[in-house]
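Student: Make a model of this:
(one chain, ligands or ions: 1)
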Amino acid sequence: METAVESRPVRLFIGGQWRDASYGKAFEQVSPATGQVIGAVSDGTREDARAAVDAANRARHSSARLSILERAALCHRIADTILARQARLAPELSLEQGKPLPEAIDEINFAAQLFRDAAEYISKLETSLLPAAAGKRIFTLRQPHGVVAVLTPWNYPVGIPSEYLSASFATGNVVVWKPAPTTSMIAARLVECLLEAGLPEGAINLIHGGAVPGEEIVASSGTHAVGFTGSTATGSLIAKHAGAKPLLLELGGNGPTIILDDANLEAAISGTAIGCFTNAGQICQSSERILVTERVHDQVLDGLVSNASRVKLGHPLHEGTTMGPLNNPGVAIKMDSHIRDAVDRGAGVVFGGARAKGQPTDLYYQPTVVDHVSRESLANREETFGPIAPVIVVRDVEDAIAVANSCTLGLCASVYTSDMNAAFNISERLECGVVNVNESAAYWDGRTPFGGWSGKGSGVGRVGGMESIRFMTQIKSVVLDIRDPDGD
Ligand code: NAD
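Tutor: Below is the predicted model of the structure:
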């Protein structure tokens, strides 16, 4: 039996003050793990969003005046603070988001590393002196945008915001951040880390709530760039509201994992299972479709079933748990509908396929393996974003590439083969932003450019390492006439 967790108030943070939402609105935060109310979150209104944007604008000039070395030092202090608070942050992340404690610890370490990386990259950012006519000198500066609107999802509620926050602060921007409603509490904890590390007043403004404050901070003339990670549907709305502002969109994926006949199947199967079941499959880059020929099909299927049967579904804070509950009912409903659709179109559920019984909430979903999924199925055409391994049979490599590219999304892919020429050729032909060869789809080194393929629905631009620093800055060209007006 679980002990009751006391519900705590979670406020907005505007202009250096924690405060309630205007009109005193709040919503209950319910743990997906226990069903208990764990917080009362101030529900930000349009007025609150405007106040946050105004506060950020009051702070932007002083933040931009910090030297690059001061900003790098600040980012290192933030990393230190996050790590120092890890033991407290990780269980709170698990309880609110649903992921097992070891995954929460990994996420917090990853977030700290992002601040360290931003410090390193900004310290090495060079600008240029350009070729110019006689008597002229032209050089470039990289300067902050000003106020960046940051909107983030719930699947990595510490890691993903840290991608934007680290690059924003390293480059001298200030931020208005709206996290996903279901992970508001851990967002407030991250803000506490920023403050403890000495972030200048007004440089971070936190607005809780949903679409209304979100749209306000995106559309406001007081924000100067937008960083958004979330679904493709919301991303399209964000693009409309952002107008001509610099926009970074990191959206949904439906990643193919192609296992060629010559692959080391043992490694391919375990890597694929990691790609399907880590974070209960709630990863934009997860293995959403497993493409195999009939020649290796049986072996891959058996291996996936055996990996799924070893997943220990349970309370995220219990020792040994390897998969927790889904974060919210919308994900579980989508799992239900994709499995039903696949079966209606001729597929067979060979493992799992339903919500787990006897758990404190109905968000615990069995790890699921579905076989002979048809190409018309939703699981092949759309992102599922849950713990599912849909196996699709292809004729050969050409067919695998065609199925992989037939989707309207194009974020990440994984390819398993022992033929490096094939790996190289397939990598070049896949329409996505990242290809992992002989590596799980879930792997990402945060210094690597990461984002969606142009023209597909997975986003625009790249996060990661120097790419994030570039996005958070704008180039100014300065022309000097150095001729002496009195000279010849
Ligand atoms: P979502 O689009 O529902 O919400 C994302 C954020 O936008 C939240 O903060 C939400 O409150 C806010 N929002 C919702 N409607 C809005 C509106 N009209 N205007 C402004 N803001 C609005 O996404 P989600 O369900 O939180 O996250 C899951 C999605 O995120 C999946 O599709 C996943 O693939 C994607 N994702 C992508 C990446 C990536 O790097 N490409 C990483 C993680 C998650």
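Student: from here on, contacts and neighbour counts on C-alpha atoms
Tutor: Fine.
Student: Which residues of this protein lie near the ligand?
Tutor: Residues of the chain lying near the ligand by Cα under 6 Å from any ligand atom: 151-154, 178-181, 210-211, 214-215, 229-232, 234, 238, 250-253, 284, 451.
Student: Which of the helices or strands spans Gly214?
Tutor: Element membership for Gly214, per DSSP states H and E: helix 211-219.
Student: about what we covered before: please type out the PyMOL selection for whichever of the residues of the chain next to the ligand turn out to be buried.
Tutor: PyMOL command restricting these to the buried ones, with burial defined by 16 or more other Cα atoms under 10 Å:
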select buried, resi 151+152+153+154+178+179+180+181+210+214+215+229+230+231+232+238+250+251+252+253+284+451
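Student: quick revisit: list the contacts of the helix holding Gly214.
Tutor: Here helix 211-219 makes contact (Cα atoms under 8 Å, 6 or more residues apart in numbering) with 44-46, 48-50, 53, 149, 151, 176, 178, 207, 223, 226, 238, 241-243.
Student: cool, and stretch 411-419?
Tutor: Counting by Cα under 8 Å, 6+ apart, 252-264, 268, 284-285, 287, 423, 427, 430, 432-441, 451-453, 458 sit against stretch 411-419.
Student: closest point of the stretch 1-150 of the chain to the ligand, which residue?
Tutor: Val150 (8.6 Å; Cα to the nearest ligand atom).
Student: After whichever strand or helix holds that residue, which helix or strand is next?
Tutor: Assigned by DSSP H and E, Val150 belongs to strand 147-151. Moving toward the C-terminus from strand 147-151, the next helix or strand (DSSP H and E) is helix 159-170.
Student: buried subset of the contacts of stretch 411-419?
Tutor: Using 16+ other Cα under 10 Å, the buried members of the contacts of stretch 411-419 are 252-261, 263, 268, 284-285, 287, 423, 427, 430, 432-441, 451-453, 458.
Student: all helices for the stretch 251-400 of the chain, in order.
Tutor: Assigned by DSSP state H, counting those that start in this stretch, the stretch 251-400 of the chain shows helices spanning 265-277, 294-310, 329-344, 378-381, 397-405.
Student: and the ones you listed as TSV, adding mean pLDDT and distance to Phe139?
Tutor: Below are those laid out as TSV (pLDDT from 0 to 100; distance: least, Cα to Cα, whole Å):
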stretch	mean pLDDT	distance to Phe139
helix 265-277	98	46
helix 294-310	98	56
helix 329-344	98	50
helix 378-381	98	48
helix 397-405	98	42
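Student: could the ones you listed be laid out in JSON lines, adding distance to Ala187?
Tutor: Shown next, in JSON lines, are these (distance: least, Cα to Cα, whole Å):
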{"stretch": "helix 265-277", "distance to Ala187": "24"}
{"stretch": "helix 294-310", "distance to Ala187": "32"}
{"stretch": "helix 329-344", "distance to Ala187": "21"}
{"stretch": "helix 378-381", "distance to Ala187": "31"}
{"stretch": "helix 397-405", "distance to Ala187": "35"}
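Student: how about the nearest residue to Ser427, chain neighbours excluded?
Tutor: Val435 (6.1 Å; Cα to Cα, 6 or more residues apart in numbering).
Student: Isn't that neighbour up against Ile426?
Tutor: No. Applying Cα atoms under 8 Å as the test, Val435 and Ile426 come out as separate, 9.2 Å apart.
Student: I'd guessed Asn254 sits against Asn405; true?
Tutor: No. Look at Asn254 against Asn405 with Cα under 8 Å: they stay out of range, at 10.2 Å.
Student: contacting residues for Glu47?
Tutor: For Glu47, the contacting residues are Ser22, by Cα under 8 Å, 6+ apart.
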